[in-house]
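J.: I would like the atomic coordinates for the input below:
(chains A and B)
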Amino acid sequence: MLRYVIRRIIYLIPLFFGILIIVFVASRIAGNPVQLMTVQNPHITAEARQRLTEYYGLDKPLYHQFFIYLAELFQGDLGNSYALRGGIAVTTLIGDYAWLTFELQLAALFLSLLIAIPVGIISAKKQYSKLDVTVTTTSLLGTCIPVFYMGIIAIIIFAYFLGWFPAGGAHSILPERYPFGSYVLDELWHMALPTAVLTFATLAPVVLLVRSSMLEVLRQDYILAARASGLSERSVIYKHALRNALIPVVTYVGLYFGAMLAGAPVTETVFNWPGVGRLFVEATTKLDFPVIMGITVFITIMTLIANLITDIAYGYIDPRIRFE
Amino acid sequence: MSTEMVLEVKNLVKHFPIMSRGVFLKKQVGIVHAVDGVSFAVRKGETFGLVGESGCGKTSTARAILYLDPPTSGEVYFEGQEVGKIFKSKNKQEILKLRRKMQYVFQNPYASLDPRMTVADIIMEPFAIHKHVPKSKWYDRLYELLELVGLENYHAERYPHEFSGGQRQRICIARALAVEPRLLIADEPVASLDVSVRAQILNLLQELQRKLGITYLYISHDLSTVKHICDRVAVMYLGKFVEIADTDELFSSPLHPYTQALLSSIPVPDPETKALRIILPGEVPSPINPPSGCRFHPRCIYAKEHKCVENAPKLVDVGRGHLVACERMFS
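T.: Got it, this is the predicted structure:
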């Protein structure tokens, strides 16, 4: 087991560097940040531009820049932002934004599993009933409608027309606006809409997955055998069927877990939610190389760890899987 | 062997509706006549065979008897109690009692064991359900059962995927025996096993019957295994019984033309014998629209125009407990 984990981690190293190289090169191909920074200043001189380029080390050959970046990375230094918050350290920046992303994503994942698993089970148990048809149709709609569209519709209805929830952001600007004067309640109030939209988007594929996986398992003879031995229908469903049906769901959640740390760039942008996803979008539009690279490093490491945990979890869920 | 009846089946019918599905409305467009009025009785301690081609309703009969798929109509009596009545009463204690008395061994041992449970969990699960074994004795009983079916103690902590087909079927048998049943319905228990393993499992079943006195309802399409282990045999064709007789009687003097054709298909292990093989014309008709009258008439060489097309023959005793459903018996 330990050998397996160590071997997996060793495999991850070249993968990590591969991803790093691709993003490094791709971002630098995208444009010149110094140009972007100075474009609105008509009085800038060529010398000043040159000084800035040298200051950021962008005058050196690409491989040289990459090695400098690596050397700093190993010292735990992700560099400073070019354009955000007066050149703040990237580690601090990510630290500030990551928590809000976690909050939003964990809430959405938790809620969607909480709803999707029972709904999927009932839908499978009553296959082709009106309820099942309604559930599958809604889920299909949920997977088809893009998140940004759903988000904008939600803002129009619940924020603009009804005024129940704020249209964006994570906090009210003025502390006087906090509901009951509570900072936590204020954040939850702001979270409601993006969480609902993200939950609906995440929920739909999980419902379909649970349903099809349950249908598959319920057809197996060991379900009939459990019934024949006198086990109650409830125990048949939860003890035998669900435990086997959840294996593909764990795969899905594992993959999702990796992706969710990247934030939901679209949802976060639509709701102006100050999370990693929106930060990434902002950094990309400003060609803020250190931030782009920093977020990439963060996401890559988290995703690789999430995948590793999923693989190990398999061994416990499905005894047919052996490490070696 | 006593003449006491363990299981009595009276006019058992199992129909499956065929639904066509619109977006919101369902409509019944037909019926599969899987089992169409089957009656028989199984004596205590005997092995009763049920033979027929694939799709003739053998498994549907078995599942309807066990109420895993409730029958459309008809009655099943187990030791004098009506099974359907007990299940409909929703009396949990009575249902559990009945479940303990009748057990099922499946055709495919690869699909009938929960892949996430160890052998010990699988075999001990019935103890937890029926509470007929005190908790302190669970492991003793588990090892007894494993020994009974020819497995070793160290197999208990393994998972089903670590076993061969034959071993898995032994686990299935051990699970069925865990509740100490009176009747074991074995639905093609050796069909998916290697030929070399079949004899072992069949011998195990026979040995268990000798030791424990269980009654078997043995379902198969393989006539040679039926001849080997059954005391009496019923031949099924398209949801109906065509002939019931003692095994020796049936194999030596089959009366129904379908049984005759079926028996002639058994290979004879002697190159000198030129066995007469009866080839039936055509295919088995669809159970959705079964033929009128005698269901076998479209393929029967003796079929007479009116009699066989219009009248459905009943099972008639022609002596020595030999029952046949064929018009020829009257003329």
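J.: How far off centre is the longest helix along chain B?
T.: Using DSSP state H, we find that the single longest helix of chain B is helix B:195-212. Centroid separation for helix B:195-212 versus its chain: 16 Å, with CA atoms, centre = their mean, to the nearest Å.
J.: Now the element after that helix, going C-ward?
T.: Heading C-terminal from helix B:195-212, the first helix or strand you meet, by DSSP states H and E, is strand B:215-220.
J.: Student question: in the chain, what's the helix or strand with minimum average pLDDT?
T.: With no chain named, the answer covers chain A. Least confident helix or strand of chain A, by mean pLDDT, DSSP states H and E, is helix A:33-38 with a mean of 81.
J.: I was after chain B.
T.: helix B:305-310 (a mean of 78).
J.: returning to that earlier point: counting by contacts, list what the helix or strand following the least confident helix or strand of chain A packs against.
T.: Next helix or strand after helix A:33-38 toward the C-terminus (DSSP H and E): helix A:46-55. When contacts are defined as 3 or more CB pairs under 8 Å, 6 or more residues apart in numbering or on different chains; DSSP states H and E, helix A:46-55 packs onto helix A:33-38. Heads up, the C-betas are built off the backbone N, CA and C, glycines and all.
J.: where exactly do the helices run in chain A?
T.: Per DSSP H, chain A carries helices over the ranges A:2-29, A:33-38, A:46-55, A:62-74, A:90-125, A:130-144, A:147-154, A:183-218, A:221-228, A:233-235, A:242-260, A:265-270, A:276-285, A:289-317.
J.: which stretch among the ones you listed comes nearest B:Ser73?
T.: Checking the helices of chain A against B:Ser73 by CB to CB gives helix A:221-228 as the closest, at 21.6 Å.
J.: ok, residue 132 - contacts?
T.: All of this is about chain A. Residues in contact with A:Asp132 (CB atoms under 8 Å, 6 or more residues apart in numbering or on different chains) are A:Ser123, A:Ala124, A:Lys126, A:Arg211.
J.: hm, I was asking about chain B
T.: B:His132 makes contact with B:Arg100, B:Val179, B:Glu180, according to CB under 8 Å, 6+ apart.
J.: Tell me which entries of those residues lie within helices.
T.: Members of the contacts of B:His132 lying in helices (criterion: DSSP H): B:Arg100.
J.: so what pLDDT did the spatially most central residue of chain B get?
T.: Centroid-nearest residue in chain B: B:Ile219, 3.3 Å away (criterion: CA atoms, centre = their mean). For B:Ile219, the model assigns a pLDDT of 94.
J.: Correct me if wrong: it contacts B:Ile185.
T.: Yes - with contact defined as CB atoms under 8 Å, B:Ile219 reaches B:Ile185; the gap is 7.1 Å.
J.: joint contacts of the two?
T.: Shared contacts of B:Ile219 and B:Ile185, defined by CB under 8 Å, 6+ apart, are found at B:Ala62.
J.: if we can go back for a sec, of all the helices of chain A, which lies closest to B:Asn108?
T.: Among the helices of chain A, the nearest to B:Asn108 by CB to CB is helix A:221-228 (6.1 Å).
J.: Now do the closest one against helix A:242-260, angle only.
T.: 130 degrees (axes from the mean of the first three to the mean of the last three CA atoms, to 10 degrees).
J.: Just confirm yes or no for helix A:221-228 near chain B.
T.: Yes - Helix A:221-228 comes into contact with chain B (CB under 8 Å from any CB of the partner chain), by way of A:Asp221, A:Tyr222, A:Leu224, A:Ala225, A:Ala226, A:Arg227, A:Ala228.
J.: Give the closest residue to the third one in space, chain neighbours not counted.
T.: Of all residues beyond its chain neighbours, the one nearest A:Leu224 is B:Leu68 (5.8 Å), with distances taken as CB to CB, 6 or more residues apart in numbering or on different chains.
J.: which ones are touching residue 250?
T.: Picked chain A for this. By CB under 8 Å, 6+ apart, the contact set of A:Val250 is A:Thr310, A:Ala313, A:Tyr314, A:Ile317.
J.: um, chain B though
T.: Remark: with contacts taken as CB under 8 Å, 6+ apart, B:Leu250 is in contact with B:Val233, B:Val235, B:Glu243, B:Thr259, B:Leu263, B:His322.
J.: Apply 7 Å and report the result again.
T.: Taking CB atoms under 7 Å, 6 or more residues apart in numbering or on different chains as the criterion, B:Leu250 is in contact with B:Val233, B:Glu243, B:Thr259.
J.: and those residues, which of them are in helices?
T.: B:Thr259.
J.: Which of the contacts of B:Leu250 sits closest to B:Glu53?
T.: B:Thr259 (12.2 Å).
J.: Confirm for me that the closest one is in contact with B:Val233.
T.: No - B:Thr259 is beyond contact range of B:Val233, at 9.0 Å (criterion: CB atoms under 7 Å).
J.: more neighbours, the two?
T.: Using other CB atoms under 10 Å in any protein chain shown as the criterion, B:Thr259 and B:Val233 rank with B:Val233 on top: 26 against 23.
J.: Smallest gap between the stretch 1-150 of chain A and chain B, at which residue?
T.: In the stretch 1-150 of chain A, the residue that lies nearest chain B is A:Tyr128 (5.9 Å; CB to the nearest CB).
J.: quick one: B:Gly45 and chain A, what's the gap?
T.: 22 Å (CB to the nearest CB, to the nearest Å).
J.: which residues of chain A score low on pLDDT?
T.: A:181, A:261-263, A:323-324 (pLDDT under 70).
J.: residue nearest the centroid of it?
T.: Mean-position check on chain A, CA atoms, centre = their mean. Result A:Met260 at 1.4 Å.
J.: Which residues are in contact with the residue of the stretch 101-250 of chain B found nearest chain A?
T.: Closest residue of the stretch 101-250 of chain B to chain A, CB to the nearest CB: B:Ser112 (3.8 Å). B:Ser112 is in contact with A:Asp221, A:Tyr222, A:Ala225, B:Phe106, B:Cys172, counting by CB under 7 Å, 6+ apart.
J.: count of residues packed around B:Glu4?
T.: Residues lying near B:Glu4 (other CB under 10 Å) number 11.
J.: How about the one 10 residues further on?
T.: In terms of burial, B:Lys14 registers 23 neighbours under the definition other CB under 10 Å.
J.: partners of it in the sheet?
T.: B:Val35 (DSSP bridges).
J.: roughly how far apart are it and B:Ile95?
T.: Using CB to CB, to the nearest Å, B:Lys14 is found at 20 Å from B:Ile95.
J.: Kindly report the same for A:Arg227.
T.: 11 Å.
J.: again with B:Glu75
T.: Separation of B:Glu75 from B:Ile95 (CB to CB) stands at 17 Å.
J.: higher neighbour count, those two?
T.: Neighbours were counted for B:Glu75 and for B:Ile95 using other CB under 10 Å; B:Ile95 has more, 18 against 15.
J.: Buried residues in the one helix or strand the more buried one maps to, which are they?
T.: Assigning secondary structure by DSSP H and E places B:Ile95 in helix B:92-101. Across helix B:92-101, burial judged by 16 or more other CB atoms under 10 Å in any protein chain shown covers B:Ile95, B:Leu96, B:Leu98, B:Arg99, B:Arg100, B:Lys101.
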